[in-house]
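Visitor: predicted model and sequence follow; I will ask about them next.
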Amino acid sequence: MKTRLILISFVFTLCITVCAGEVMLGEFDLAGMPIDSPPPSGSILRLEPESTRAEITHWAVHSGDRKIGYIPARFHAQMEHLLRDRTRFTLRVQEAASSPRPGQFLRVALWVTPRFPGEEFPAFTSPEDPETEWALTETP
């Protein structure tokens, strides 16, 4: 009987997860290392923690066996929240920048799979681009 209940709860949980689908939490540019050949759009990327001497964890982003950048520091608290809650997430390539600048060579999207309807996630909103904000405030 106990085995049957465990199986039923597993199937129910799986069904809710599959039916819920993925939700995009945000899009942002990777911080760090422009590379010669960026991964194609839609590629799934892998995160690995890297600790520094100051005991700060940085989240390195890998495509295959290559390190291609880092999650921006402004999102470290949100990433820690997702990992602490064991949230299933996927980081995918959106597009490569047409004219790369430091920290803006590759646009990625972070997707999560909710475990139940109405599940709350941290906000991955980016501050306004300083160049755009400056252009809007400039007077002719």
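Guide: Received, thanks.
Visitor: count the residues that sit near residue 92.
Guide: Applying other Cβ atoms under 10 Å, we find 17 residues neighbouring residue 92. To be clear about C-beta, it is placed using only N, CA and C from the backbone, and glycine gets the same treatment.
Visitor: let me see the ranges of the helices in the chain.
Guide: 2-20, 76-84, 130-137 (DSSP state H).
Visitor: touching, residue 91 and residue 110? I think so.
Guide: Yes - with contact defined as Cβ atoms under 8 Å, residue 91 reaches residue 110; the gap is 5.6 Å.
Visitor: which of those two has more neighbours?
Guide: residue 110 (23 against 19).
Visitor: CA-only coordinates of stretch 110-130 in CSV, if you can.
Guide: Taking C-alpha atoms only, stretch 110-130 is exported to CSV below (Å, rounded to 0.1, in the frame of the first residue of the first chain):
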residue,chain,number,x,y,z
LEU,A,110,16.6,31.9,-17.7
TRP,A,111,13.7,29.4,-17.7
VAL,A,112,12.2,27.6,-14.7
THR,A,113,9.7,24.7,-14.4
PRO,A,114,7.2,25.4,-11.7
ARG,A,115,6.5,22.5,-9.3
PHE,A,116,3.0,23.7,-8.5
PRO,A,117,0.6,26.4,-9.8
GLY,A,118,1.3,29.9,-8.5
GLU,A,119,4.8,29.1,-7.3
GLU,A,120,6.8,32.3,-6.6
PHE,A,121,10.2,33.0,-8.0
PRO,A,122,12.7,35.8,-7.5
ALA,A,123,12.7,38.7,-10.0
PHE,A,124,15.4,38.8,-12.6
THR,A,125,14.8,42.3,-13.8
SER,A,126,17.7,44.3,-15.2
PRO,A,127,18.3,48.0,-14.5
GLU,A,128,17.9,50.3,-17.4
ASP,A,129,20.8,50.4,-19.9
PRO,A,130,22.8,53.5,-18.9
